[in-house]
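Mind looking at a prediction? Sequence and model below.
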2 protein chains.
Amino acid sequence: MSLKPAGESTRPLHAALAVVLQVREDVLSVLLWRRALPPDEGAWALPGGRLSPGETLAESIRRHLEMKVDVRELAHLEQLETLSEPRRNPHTWELATAYLGLVPSDADPDIPDDTRWQPVDELPPTAFDHGAIVLAGRDRLRGKLSYTTIGFALAPETFTLAELRDIYAAALGHDVSATNLKRVLLRRGALAATGERRISGSAGGRPAQVFRYRSRRLEITDPFAALRPPT
Amino acid sequence: MSLKPAGESTRPLHAALAVVLQVREDVLSVLLWRRALPPDEGAWALPGGRLSPGETLAESIRRHLEMKVDVRELAHLEQLETLSEPRRNPHTWELATAYLGLVPSDADPDIPDDTRWQPVDELPPTAFDHGAIVLAGRDRLRGKLSYTTIGFALAPETFTLAELRDIYAAALGHDVSATNLKRVLLRRGALAATGERRISGSAGGRPAQVFRYRSRRLEITDPFAALRPPT
DNA sequence: ACAAAAGTGTTGTTACTACACCCATGG
DNA sequence: CCATGGGTGTAGTAACAACACTTTTGT
């Protein structure tokens, strides 16, 4: 028998991590915290932590995020992928399951001193494989913006189309036409007008209609973009 | 200090599972084996097994599949999701990461006696949460058939369009037009004619052209079905 | 009046489906 | 020569992007 505690070598540790994204001042940003201890001291890392007995991975990541950000602000949470490279953490055998979390652009949660929102397209040096995970989360979001109603999770409760266009443009990384965005989302039944109008600013201009997402749950709007079943 | 080996209660076991799909005689089927031991004795289960130290999850699932099927037949393998419900295995705390594997329809690998290909749409009673995982794998395949070249992994090296249509129809669960399938895949650059022709059977008929997939790697053909960037 | 911002109307394009029709082969 | 299966031609359609034009406000 080994003197080492049994199980230590045959069972991996398991962590849950989250790529929490928000459009802040027209920039798609991710919540990172600065590691105070080795390994990778000083590098920026994704929030998260160890899975505890009796909890699911989704419960675990919510619990760990509570310490960084008010989880009531989390409008959407979905699993991304599980990383298993044996040397991804050089000190111990640890798997990690990454989640994608989305925060509406009007939320401004209190965050601890060691934590910061970093622009996704100008990431600082990151710990372990966290940089690649952030990009995987960004790409998942970009894909789903095209064929689901996931925009609800980045947008405030109500918004004008100009505001929604800016959110889409920041998340997608390219210009978006408010004219066409409106028609696409209305035709798909994703948006509904509230009837209200937003008064124009000091520069004048026609007051904008106020919209909301019809549902605050992810719905696939275009499941058969190609190869749809015959009618 | 506990008398129980340390780590046992704080570290979960981790398994890799695979939903291995193949179109067999025009039916989308999944490779299952019959459990000989409790728990869930006699129920049908997905192939897979424990993750070992030093290996990645992808390596692990390939190693375990080797015992069930010649892994050289595996044309595609991708991660599906990680299941973490604490009571999913009633006897022990075990996470499982599910993979989707695809086998070309012309392969007929030797499989052990306790293992069988089961039609995906008429699943027998399955162990644990494996039934839901099979359906998740089927749905992932169906989605990717629409906007990627994943069909290469279900099709033989070369094939006629009637054969490819039958594979798509079985995998998608609805009729597919060979006429339109050909035009879609050719326009997207997924298929190339080999120049050969398949001689007609005893019933006569015009000989069919023989095609192949241009690449045997998964390629996304239609990344911006909607909301594509401005030109 | 005029600039600014929002909204509408219209055209063109692409990527499909559907279906009629034509082609090549075996009996 | 005709049934059988493969292939092509063409029309119709849905979902877009692009852009000119109109509407409504503040100064």
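Happy to help now that I have it.

For DNA strand C, what's the nearest residue on chain A?
Here chain A gets closest to DNA strand C at one residue, residue A:205, 2.4 Å apart by CB to the nearest atom of the strand. Heads up, the C-betas are built off the backbone N, CA and C, glycines and all.

quick check, that residue in a helix?
No: the assignment for residue A:205 is coil, going by DSSP: H, G, I helix; E, B strand; the rest coil, so no helix is present there.

For it, give its distance to residue A:171.
The gap separating residue A:205 from residue A:171 is 25 Å, by CB to CB, to the nearest Å.

Residue A:42 and residue A:124 touch, don't they?
No: applying CB atoms under 8 Å as the test, residue A:42 and residue A:124 come out as separate, 9.9 Å apart.

For the helix or strand residue A:179 falls within, the averaged confidence score.
Here residue A:179 sits within helix A:178-187, counting by DSSP states H and E. Helix A:178-187 carries an average pLDDT of 95.

and the residue lying closest to residue A:220 once chain neighbours are set aside, how many residues sit next to it?
Closest residue to residue A:220 apart from its sequence neighbours, by CB to CB, 6 or more residues apart in numbering or on different chains: residue A:148 at 5.2 Å. Using other CB atoms under 10 Å in any protein chain shown, residue A:148 has 17 other residues around it.

Next, see if the strand of greatest length in chain A gets close to chain B.
The single longest strand within chain A, with elements called by DSSP state E, is strand A:13-24. Yes: using CB under 8 Å from any CB of the partner chain, strand A:13-24 comes into contact with chain B via A:13-14.

thought residue A:11 was touching residue B:12?
Yes: counting by CB under 8 Å, residue A:11 does reach residue B:12; the two are 6.8 Å apart.

Now do stretch A:67-76: distance from first to last residue.
By CA to CA, to the nearest Å, the extent of stretch A:67-76 from end to end equals 18 Å.

tell me the phi and psi of the residue lying closest to residue A:13 once chain neighbours are set aside?
Among residues not flanking residue A:13 along the chain, residue A:94 sits closest, at 4.2 Å (CB to CB, 6+ apart). When read as degrees, to the nearest 10, the backbone of residue A:94 gives phi -140, psi 120.

So chain A: which segments form each domain?
A:13-145, A:146-213 (automatic domain parsing).

From the chain's centroid, how far away is stretch A:74-88?
Centre-to-centre, stretch A:74-88 and its host chain are 12 Å apart (CA atoms, centre = their mean, to the nearest Å).

in that stretch, what counts as buried?
A:74-84, A:86 (16 or more other CB atoms under 10 Å in any protein chain shown).

same thing with stretch A:11-19?
For stretch A:11-19, the neighbour count (16+ other CB under 10 Å) marks A:11-19 as buried.
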